[in-house]
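> Sequence and computational prediction follow.
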Amino acid sequence: APSSHVPTPVNAAKPAPSTPPVRGRVDSSDDVSLADSVLSTATAPDVLQPSRMPPQPRGFLTRRNSSDLSQEANTRVDEEIAQLVKDIARIGLGCGGGKDWCLFGDLFDDEEVQQYYEALVGTLKSAKRRGVIAFKGQMLLKGMHDRVKIQVVPSPAGAGAGGRAAESAEG
């Protein structure tokens, strides 16, 4: 014979226990656990129950070790430095002739540069630290340092443009 029992929806109101539950204690005479009473008193329809959680996208919360993250960051910096050398040459051409330098203000104001780099000043500092470019001072600020010359350092013979960045990527 089919059962006439109809399940109660999760957010349906149940009669409240006669005494409010004390945190960490469950009345043994009451067959409703503390967790059930808390879940059953939830009235918001958008409360997600553990069994109704949406599936997480593939790769969500995957564990990655720090060496993988570090290698990805170094790869990104290497790519940005190689692109920086190309952008300096491109902007230097616009300044009149095949120059291997440009002004910081021209580089900073270039639309392609603004779209590509996550942090141009950080990339400039990394490139200077690796010996790929040279400029006066420690950091460049827009407005104050617009006329500072950013020079591509000639790479060793046979390494080509951006040779230092390629060397640092290898080891």
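The structure has been received and is ready for your questions.

> how about low-confidence regions in this structure?
For the chain, the stretches flagged by pLDDT under 70 are 1-63, 94-98, 157-171.

> run the last query once more with 90
Counting by pLDDT under 90, the chain has low-confidence residues at 1-69, 73, 92-100, 118, 138-139, 154-171.

> Need the single longest helix in it, by residues.
Longest helix in the chain, counting residues (DSSP state H): helix 66-94.

> And that one, what does it pack against?
strand 101-103, helix 104-109, helix 111-116, helix 120-129, strand 133-134, strand 149-152, helix 163-170 (3 or more Cβ pairs under 8 Å, 6 or more residues apart in numbering; DSSP states H and E). C-beta coordinates here come from the backbone N, C-alpha and C atoms, glycine included.

> Between those, which one is closest to V77.
helix 120-129 (5.4 Å; Cβ to Cβ).

> that older thread, mind listing what's buried in the longest helix of the chain?
For helix 66-94, the neighbour count (16 or more other Cβ atoms under 10 Å) marks 77-78, 80-85, 87-89, 91-92 as buried.

> ok, now stretch 102-114?
Buried residues in stretch 102-114, defined by neighbour count with 16+ other Cβ under 10 Å: C102, L103, F104, G105, D106, L107, F108, D110, V113.

> Quick check, the fourth one in contact with M144.
No: assessed by Cβ atoms under 8 Å, G105 is found out of contact with M144, at 9.9 Å.

> Could you single out the nearest of the buried residues of helix 66-94 to A119?
For these, the residue nearest A119 by Cβ to Cβ is E80; the value is 8.9 Å.

> what sits against the closest one?
Contacts for E80 (Cβ atoms under 8 Å, 6 or more residues apart in numbering) come out as Y116, Y117, E118, T123, S126.

> Which members of the residues you listed are classed as buried?
By neighbour count, with 16+ other Cβ under 10 Å, those hold Y117, T123, S126 as buried.

> Hmm, I81 and the second one touching each other?
Right, the one you point to is T123. Yes: the criterion here is Cβ under 8 Å, and T123 meets it with I81 at 6.5 Å.

> Identify the residue nearest L124 in space, chain neighbours excluded?
Spatially, and ignoring its direct neighbours in sequence, L124 is nearest to L140 (6.3 Å; Cβ to Cβ, 6 or more residues apart in numbering).
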